[in-house]
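A.B. asks: My questions concern the predicted model and sequence given below.
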Amino acid sequence: MKLTYTSKSLLRLLFLSLFIAAPLISATLITDDDSLKDPDPEKGLKDYYKKYFSIGVAVNMQAIRGEQAKLVIKEFNSVTAENDMKMGPIHPKENEYNWANADSIVAFAQRNNIQVRGHNLLWHSQAPSWMFKDEAGNNVSKEVLLKRLKDHITAVMTRYKGKIYAWDVVNEAIDDNPDVYMRNTLWYQIAGDDFIPAAFRYAREVDPKAALYYNDYNSENPSKRDKIYKLVKSLIDAKVPIDGIGLQGHWKLADPSPELIREALDKYASLGVKLQITELDVTIREPQPRRAPGDTSPVVQPYDSGYTASIAKRQTARYESIFKIFRDYKKVITNVTFWNLSDKQSWLDGRGGGLAGGAAASSNAPPVRRKAYPLLFDENFQRKEAYKAVVDFK
């Protein structure tokens, strides 16, 4: 049977289909960019969130000078040294310390009434080789390694005692493999897992007032989340001084899901510790499909369309969703820190746009520079639409 439609019946069908689809369309749009209010030019992120938690940013020497410094001062009330307090840069040789850059960052913060997060006291990456080797090039004993660790922590924390309110004491000690607990680093190979409680105890001895954190990436992934929980619970049960967990927050437009973020926050908070989001950024880059086993063909990078309007809209919605979660957990989250100041320079740009999880996971990222555009300020240090979504709340 052949069906025919009049103009009037077609219009009715079109109206009916739009009426049915409208709720579905609106439900998928978290944010209508046109409805966002323009931020108060006199206020910064720290002012919007003064009743919630401090807002921080990772800085290098460029970020505490000139126009960037003005932006840091206006927007943030906490800073983290991006690299200048890590073991390798600050303590390259056993009897040599490079204090200059770290001193400058702390002095900048103090002049401008900004708090400082210390990052970090122990990490397998950017750790100097002398820490693990004797004069013959062999691994040192567990006792020697822990003595060197204690000397390092004592020297660094003593210099900045009373000037740094929180430290990432141990960074990224948990393995990414679901079937492996501890990352097989030289720390672990030489000292087993004893280096972790030792580091926290050394830190508390030096500065009893500083908050001490375990920090890691992919901390929302269920298998890794459960291992981080296991580690921190074991420290608490053993009366090791630990005050909180740092979730790095190197996230993507759709991963991790809001549900996984909330589940992780709930699980960690159940331990009675404080939580901080320590290295937040949201790359626009999407993971590529997994390669088939044995596929040795050259990696072909997808077409780079740049920071388009559609991508900006997705990133804006993502940031709105993330900060809604953070505000919901204001009783346990005490700080949110962005990793870098603006899209002009992100650590992710040199790592395929940030397709790896954390710094330690980035070693296998494609060796190609692709802009990640992961932050709230654009390449000209102007507020993006995502900024509006973060501050436009009641």
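C.D. replies: Structure received. Numbers count the residues shown, from 1 in each chain.
A.B. asks: Let me see the confidence value for L16.
C.D. replies: Looking at L16, its pLDDT reads 38.
A.B. asks: and if you look at Y188?
C.D. replies: Note for Y188: predicted pLDDT of 98.
A.B. asks: got it, and F53?
C.D. replies: 98.
A.B. asks: just checking, E67 touches F381?
C.D. replies: Yes - applying C-beta atoms under 8 Å, one finds E67 in contact with F381, separated by 6.5 Å. Using the backbone N, CA and C atoms, a C-beta is placed for each residue, glycine as well.
A.B. asks: What are the boundaries of the helices in this protein?
C.D. replies: 7-28, 45-48, 66-75, 87-90, 100-111, 142-159, 186-191, 195-206, 222-237, 258-269, 309-328, 385-391 (DSSP state H).
A.B. asks: possible to save those as JSON lines with mean neighbour count?
C.D. replies: Formatted as JSON lines, the helices of the chain follow (neighbours: other C-beta atoms under 10 Å):
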{"stretch": "helix 7-28", "mean neighbour count": "9"}
{"stretch": "helix 45-48", "mean neighbour count": "19"}
{"stretch": "helix 66-75", "mean neighbour count": "16"}
{"stretch": "helix 87-90", "mean neighbour count": "19"}
{"stretch": "helix 100-111", "mean neighbour count": "17"}
{"stretch": "helix 142-159", "mean neighbour count": "17"}
{"stretch": "helix 186-191", "mean neighbour count": "19"}
{"stretch": "helix 195-206", "mean neighbour count": "21"}
{"stretch": "helix 222-237", "mean neighbour count": "17"}
{"stretch": "helix 258-269", "mean neighbour count": "17"}
{"stretch": "helix 309-328", "mean neighbour count": "17"}
{"stretch": "helix 385-391", "mean neighbour count": "23"}
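A.B. asks: could I get these as JSON lines with distance to P128?
C.D. replies: Listed next are the helices of the chain as JSON lines, based on distance: least, C-beta to C-beta, whole Å:
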{"stretch": "helix 7-28", "distance to P128": "50"}
{"stretch": "helix 45-48", "distance to P128": "35"}
{"stretch": "helix 66-75", "distance to P128": "29"}
{"stretch": "helix 87-90", "distance to P128": "5"}
{"stretch": "helix 100-111", "distance to P128": "15"}
{"stretch": "helix 142-159", "distance to P128": "9"}
{"stretch": "helix 186-191", "distance to P128": "11"}
{"stretch": "helix 195-206", "distance to P128": "15"}
{"stretch": "helix 222-237", "distance to P128": "25"}
{"stretch": "helix 258-269", "distance to P128": "31"}
{"stretch": "helix 309-328", "distance to P128": "35"}
{"stretch": "helix 385-391", "distance to P128": "38"}
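A.B. asks: Out of those helices, flag the one nearest Y214.
C.D. replies: With respect to Y214, and counting by C-beta to C-beta, the nearest of the helices of the chain is helix 222-237 at 5.9 Å.
A.B. asks: how distant is the closest one from the center of its chain?
C.D. replies: Its chain's C-alpha centre lies 19 Å from the corresponding centre of helix 222-237 when counted by C-alpha atoms, centre = their mean, to the nearest Å.
A.B. asks: which strands and helices sit next to it?
C.D. replies: helix 195-206, strand 211-216, helix 258-269 (3 or more C-beta pairs under 8 Å, 6 or more residues apart in numbering; DSSP states H and E).
A.B. asks: any chance of the ones you listed in a markdown table, plus distance to T283?
C.D. replies: Compiled in a markdown table, these are given as follows (distance: least, C-beta to C-beta, whole Å):
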| stretch | distance to T283 |
| --- | --- |
| helix 195-206 | 30 |
| strand 211-216 | 18 |
| helix 258-269 | 16 |
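A.B. asks: and the residue lying closest to L146 once chain neighbours are set aside, what does it touch?
C.D. replies: Nearest non-adjacent residue to L146, counting by C-beta to C-beta, 6 or more residues apart in numbering: A198, 5.4 Å away. Counting by C-beta atoms under 8 Å, 6 or more residues apart in numbering, A198 touches 146, 149-150, 191.
A.B. asks: from those residues, which two are the most distant?
C.D. replies: It's K150 and A191 that sit farthest apart of the contacts of A198, by C-beta to C-beta, at 11.9 Å.
A.B. asks: So, low pLDDT: which residues of the stretch 201-350 of the chain?
C.D. replies: Applying pLDDT under 70 to the stretch 201-350 of the chain flags the ranges 288-291, 298-303.
A.B. asks: my guess is V156 contacts D84, does it?
C.D. replies: No - counting by C-beta under 8 Å, V156 does not reach D84; the two are 11.2 Å apart.
A.B. asks: List the residues that are in contact with both of these two.
C.D. replies: I90.
A.B. asks: can you tell me how far the residue nearest to L146 sits from V144?
C.D. replies: Distance of A198 to V144, given as C-beta to C-beta, to the nearest Å: 13 Å.
A.B. asks: cool, K233 as well?
C.D. replies: 30 Å.
A.B. asks: Report the distance from stretch 372-389 to the chain centre.
C.D. replies: Worked out by C-alpha atoms, centre = their mean, stretch 372-389 lies 16 Å from the chain centre.
A.B. asks: gap between the two ends of it?
C.D. replies: Start and end residues of stretch 372-389 are separated by 19 Å (C-alpha to C-alpha, to the nearest Å).
A.B. asks: What residues sit buried inside it?
C.D. replies: Buried residues in stretch 372-389, defined by neighbour count with 16 or more other C-beta atoms under 10 Å: 372-378, 383-389.
A.B. asks: Now the two most distant members of those.
C.D. replies: Spatial extent of the buried residues of stretch 372-389 (C-beta to C-beta) is set by the pair A372 and K388 at 20.1 Å.
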